[in-house]
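Participant: predicted structure and sequence below. I'll ask about it afterward.
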Amino acid sequence: MRRLVVAAAIVVAAPSPASADDLADQFAQLSARPKPRYLRPALEELAVIGAGAAWYWIDRTRQVADWDFPSWKQRFNGEAWRFDNNPFPINFAWHPIDAGQYHLFARTSDLSLPVSIGYGLATSFLWEWGLEFREKVSINDMIVTTGAGTPIGEFFHWLGRYLESAPDPRPWHHVARWTLTTTRAAHDLLDDRVGLRDGTTADALGLSSDIAHRFVFAAGGTTAGHGTVSARGELAALPGYRQAREMHRAFRDGNVSAVDVKLTLGGDAIGFEFGADLMLLGVHHQDARSSTTIGLDLAYRYRRELLGAWEARVAQLHLPGLGVDHHTGPLRLKARAHVDFAGLDAGAYADWKLRHAGDLVVEKTILRKHGYYYGWGVSASLAAELDLPRTTLGASIDFAKYDSQEGLDRTQEDVTDDVDCGDRLLRYEAWARVRPLGGRGFLEARVTGDRDDGHVGEVESSRALTRFTFSVGAVL
């Protein structure tokens, strides 16, 4: 009899699952926006690029090397639109970071996803076409800045909405908000806006459960003696996501997003990897046994590594393509397929240059100055993870193939050999996580393999690296 009373008390105390109408109401709250503030983000973005313009003119001694002095007629008729020859980190790291901030200014002022993308594109265009009037308009910056900034900014937009949603805020919630989502926190303060949404319950982190989350943190080292730190965040702004219940939902507000980052350091090594993935729109269906999300996916990946003899420079803008996430019981599957624009290290360039040392050839300026090239191609990835009691097993494979952009070089008129470049990239990973105490902490062993087969003209190159990493971490 005592057991029955205890069981009944537990049933009464346990929160009942939200009804279909409640979930629809929560989704409507997430999708609703107060009156948009169109002027504020415009002024904020003008202030940022205005500061950039001031630096641009103050630092004239370095900037003058890029001044082409195109005429205004060339800016209008397209003759001044070229692929630039700036350093790899500027084109593929700093510009996406700036663009992520442009996107956040708009989104945290309650603008829609399409309008926020438009603000970022307009800001990039104003900088490239107007403020840098002494330079040719950079086609690659116009593509990468908005394309990469959108998935980066969108993840932090939803992270800000998640971190502000605690029914009973704790001190670390405020620290996390102001540290990770400063723009959102500042706008909340200016607008006297409270992020708590009606009808939601607290999740395991004390934040609103209407935005599903998965955060993975790990730190460890490789068998080559390099230290590693990594983090991954996944957010799904779909109330009821992956609960054991039937639900069908269409979405178009960037509701499913993820960001991951990894840093590798050692005596002779430094490596940085960053990725952002966003389902712009799609459909989600689930029942008591499985769930499937299919959408239009936009993603960006950046990798810069100097690990002993291994060097990698890879930046991939995965243009809108197919994204599929599927869960069945303990099994998680993820598939992506895209057409890409990329920046890639030309591994065979030094040998090609040596072979043509006696020839009077002038190649792409991006090759001559920085040893990389712009390319177009396709990519596909597949990942699977099986979450068993106290053990998680996973594997992934990524493949991409690229061919270089010919024509439209910054100094195309001087190029005598617009040499063709190309690369085939393959990465595979396999990992095993063990939770010896059965909680959120884990021990992980991981193997990562990279292979890059490329060519510059008739000269081919092939590089490969396999690394083993052991780390400790937690899933929150």
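Facilitator: Perfect, I can see it now. Numbers count the residues shown, from 1 in each chain.
Participant: only C-alpha atoms from now on, for both contacts and neighbour counts.
Facilitator: OK.
Participant: for the residue nearest the centre of the chain, grab phi and psi.
Facilitator: The chain has A276 as the residue nearest its centroid, 1.5 Å off, counting by C-alpha atoms, centre = their mean. A276 adopts backbone torsions of phi -140, psi 140, taken as degrees, to the nearest 10.
Participant: same question for L298.
Facilitator: phi -120, psi 130.
Participant: how about it: what's its closest non-neighbour residue?
Facilitator: What sits nearest to L298 in space, not counting adjacent residues and going by C-alpha to C-alpha, 6 or more residues apart in numbering, is P320, at 4.6 Å.
Participant: the stretch 1-150 of the chain: helices as residue ranges?
Facilitator: Using DSSP state H, counting those that start in this stretch, the helices of the stretch 1-150 of the chain run over 2-13, 20-31, 39-58, 60-63, 72-77, 88-89, 95-107, 113-125, 139-163.
Participant: tabulate the ones you listed (JSON lines), appending distance to G282 and mean pLDDT.
Facilitator: JSON lines is the format used below for the helices of the stretch 1-150 of the chain (distance: least, C-alpha to C-alpha, whole Å; pLDDT from 0 to 100):
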{"stretch": "helix 2-13", "distance to G282": "36", "mean pLDDT": "36"}
{"stretch": "helix 20-31", "distance to G282": "14", "mean pLDDT": "82"}
{"stretch": "helix 39-58", "distance to G282": "27", "mean pLDDT": "85"}
{"stretch": "helix 60-63", "distance to G282": "43", "mean pLDDT": "63"}
{"stretch": "helix 72-77", "distance to G282": "37", "mean pLDDT": "81"}
{"stretch": "helix 88-89", "distance to G282": "33", "mean pLDDT": "96"}
{"stretch": "helix 95-107", "distance to G282": "20", "mean pLDDT": "94"}
{"stretch": "helix 113-125", "distance to G282": "14", "mean pLDDT": "94"}
{"stretch": "helix 139-163", "distance to G282": "15", "mean pLDDT": "95"}
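Participant: follow-up on the earlier one: where does the residue nearest to L298 land in three-state SS?
Facilitator: For P320, the assignment made with DSSP: H, G, I helix; E, B strand; the rest coil gives strand.
Participant: verify the stated contact: it with G295.
Facilitator: No - counting by C-alpha atoms under 8 Å, P320 stays clear of G295, with 9.5 Å between them.
Participant: those two: who's more crowded?
Facilitator: Counted by other C-alpha atoms under 10 Å, P320 and G295 do not tie: G295 has more neighbours, with 24 against 19.
Participant: list the beta-bridge partners for the more buried one.
Facilitator: Beta bridges link G295 to G282, G323, judged by DSSP bridges.
Participant: got the contact list for it?
Facilitator: M279, L280, L281, G282, V283, L322, G323, V324 (C-alpha atoms under 8 Å, 6 or more residues apart in numbering).
Participant: other residues contacting stretch 467-476?
Facilitator: Residues contacting stretch 467-476 (C-alpha under 8 Å, 6+ apart): 205, 214-224, 440-449.
Participant: hmm, 6 Å instead?
Facilitator: Here stretch 467-476 makes contact (C-alpha atoms under 6 Å, 6 or more residues apart in numbering) with 214-223, 440-448.
Participant: any of those buried? List them.
Facilitator: In these, burial by neighbour count holds for 216-222, 441-448, counting by 16 or more other C-alpha atoms under 10 Å.
Participant: out of those, who's nearest R249?
Facilitator: Closest to R249 out of the buried ones among the contacts of stretch 467-476 is V216 (26.5 Å), distances taken as C-alpha to C-alpha.
Participant: circling back to that earlier point, tabulate the helices of the stretch 1-150 of the chain (TSV), appending mean neighbour count and distance to L306.
Facilitator: Output for these, formatted as TSV (neighbours: other C-alpha atoms under 10 Å; distance: least, C-alpha to C-alpha, whole Å):
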stretch	mean neighbour count	distance to L306
helix 2-13	10	55
helix 20-31	16	43
helix 39-58	14	30
helix 60-63	11	26
helix 72-77	12	38
helix 88-89	17	14
helix 95-107	25	21
helix 113-125	20	31
helix 139-163	25	23
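Participant: and P330, which of those helices is closest to it?
Facilitator: Closest among these, once you apply C-alpha to C-alpha, is helix 20-31, at 23.9 Å.
Participant: just want the angle from the closest one to helix 139-163.
Facilitator: Here helix 20-31 runs at an angle of 130 degrees relative to helix 139-163 (axes from the mean of the first three to the mean of the last three C-alpha atoms, to 10 degrees).
Participant: distance from the chain centre to helix 20-31, please.
Facilitator: When C-alpha coordinates are averaged (C-alpha atoms, centre = their mean, to the nearest Å), helix 20-31 and its chain have centres 27 Å apart.
Participant: what lies in contact with the helix or strand hosting E444?
Facilitator: For E444, the host element (DSSP states H and E) is strand 441-456. Residues outside strand 441-456 that contact it (C-alpha under 6 Å, 6+ apart): 348-349, 421-435, 460-474.
Participant: many thanks, have a good one.
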